[in-house]
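Engineer: Fold the following for me, if possible:
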Amino acid sequence: MESGTGDITVREPLVSVIVGTKDRPLLIMRAIRTILAQTYPNFECLIVDSGTSAETEALVKEIKDKRISYYKLLPDPGRVESLNFGISKSKGEYITFLDDDDEYLPGKLEKQARALHDSDDIVGMAYCWSMFYDEGNEKKLYDLKNDIRGYVFTNALEYMAFCSFPALMLKRKPLIETGLTDEANYPSDWLFVARFTKKYHVVNVPEVLVKANINHIYDRMSVPREKDKDYYTRIKNFHIHFYTLFKADYIKIPRKAMIHLYPIITVSAILKNYREWFIYSAEAIRLGPLNLKTYQKIIKSSYHALIPFTR
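Structural biologist: Presented below is the predicted three-dimensional model:
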């Protein structure tokens, strides 16, 4: 699509918005409304529903807008496979995502699409700022604002929190090349961003264009996850996998490795896996021999090794 005034023409690449949802009809309708309110007209919105509620399908199909597509996936394949299904059905030059409980502000697609359109080939991602909102208590919590740009891989090795996942917009080819994966039985936005930014640069749109909602009605109806052995095992395996995958990079920047080594040490002690506790304690000492915090973490974790795991 092209738009312009006089002799000046601006190309508007198609943007694909992929929204996963599961049995939260009130929230998905709100999310869709914020997509339809965008100032950028050339988009397609793919709703991927992995829930059993017939209400979601009925409500979405009442929307008379050809830019909205609805897909039902049963049995539920999980978040990553649902998003990958959406990617496979999408046609956009740029791709972005929205969780069904979150919202876009009106200029989100326009400003990020413009940022990517104006970027160099080495750029694969544009991100914006996000505002986090507590719906249960009806109050804003905080804004997630960062201004890092360019080659941010070294930042991503330590944390993914320079933006939220719905705040990303990605060029199609780099996204498909990197792939969304469910590794170590732990779907991780952080792992994806690390993989992605190792090759591609990012640009920043320094405006709050995403509203991330927490503590909404469906959260309050949910049963909290019990921290049992399976829970701790998944956490441990994720950090081992992440650390192993980028070990050569962490050796060059040892202090960033501790974001993984400390949880591995602690959780290995909780699970009474003494072999892994010893291996990764030794690894942490090797990478940071003068780091007092490392010794404190190891000593503190030994307390968990001494008490029975009863959950």
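
Engineer: Could I get the full set of strands for the stretch 51-200 of the chain?
Structural biologist: In the stretch 51-200 of the chain, the strands defined using DSSP state E, counting those that start in this stretch lie at 68-72, 94-99, 103-104, 123-134, 139-144, 168-171, 182-183, 186-187.

Engineer: Was I right to think residue 145 contacts residue 207?
Structural biologist: No. Residue 145 sits out of contact with residue 207 when judged by CB atoms under 8 Å, with a separation of 9.3 Å. Just so you know, the C-beta spots here come from the backbone N, C-alpha and C atoms, and that holds for glycine as well.

Engineer: ok now do residue 87, which residues does it touch?
Structural biologist: Counting by CB atoms under 8 Å, 6 or more residues apart in numbering, residue 87 touches 16, 18, 95, 175-176, 180.

Engineer: Of those residues, which qualify as buried by neighbour count?
Structural biologist: The neighbour-count test (16 or more other CB atoms under 10 Å) marks 16, 18, 95, 175, 180 as buried among the contacts of residue 87.

Engineer: Restricted to helices, list these.
Structural biologist: Using DSSP state H, residue 175 are the members of those that sit in helices.

Engineer: pretty sure residue 293 is in a helix, no?
Structural biologist: Yes. Per DSSP: H, G, I helix; E, B strand; the rest coil, residue 293 lies within a helix segment.

Engineer: Just the CA trace of the longest strand belonging to the chain, in CSV.
Structural biologist: If you go by DSSP state E, the chain has its longest strand at strand 201-214. Taking Å, rounded to 0.1, in the frame of the first residue of the first chain, the C-alpha atoms of strand 201-214 are listed here in CSV:
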residue,chain,number,x,y,z
HIS,A,201,20.7,-4.7,15.4
VAL,A,202,17.7,-2.9,16.9
VAL,A,203,16.2,0.5,16.7
ASN,A,204,14.2,2.2,19.4
VAL,A,205,10.9,4.2,19.2
PRO,A,206,11.1,6.2,22.5
GLU,A,207,7.4,6.3,23.3
VAL,A,208,5.0,4.3,25.4
LEU,A,209,3.0,2.5,22.8
VAL,A,210,2.1,-0.7,24.6
LYS,A,211,-0.1,-1.1,27.8
ALA,A,212,0.7,-4.4,29.6
ASN,A,213,-2.1,-5.4,32.0
ILE,A,214,-1.6,-7.6,35.0
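
Engineer: so how far is it off the chain centroid?
Structural biologist: How far strand 201-214 lies from its chain's middle: 12 Å, per CA atoms, centre = their mean, to the nearest Å.

Engineer: about what we covered before: now the strands of the stretch 51-200 of the chain in a markdown table, with distance to residue 227 and mean pLDDT?
Structural biologist: Compiled in a markdown table, the strands of the stretch 51-200 of the chain are given as follows (distance: least, CB to CB, whole Å; pLDDT from 0 to 100):
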| stretch | distance to residue 227 | mean pLDDT |
| --- | --- | --- |
| strand 68-72 | 33 | 97 |
| strand 94-99 | 23 | 97 |
| strand 103-104 | 30 | 98 |
| strand 123-134 | 23 | 96 |
| strand 139-144 | 23 | 95 |
| strand 168-171 | 29 | 98 |
| strand 182-183 | 21 | 76 |
| strand 186-187 | 15 | 65 |
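
Engineer: What about the residue nearest to residue 287 when sequence neighbours are not counted, how many residues nearby?
Structural biologist: In this structure, residue 287 finds its nearest non-sequential neighbour in residue 254, 3.8 Å apart by CB to CB, 6 or more residues apart in numbering. When counting by other CB atoms under 10 Å, one arrives at 16 neighbours for residue 254.
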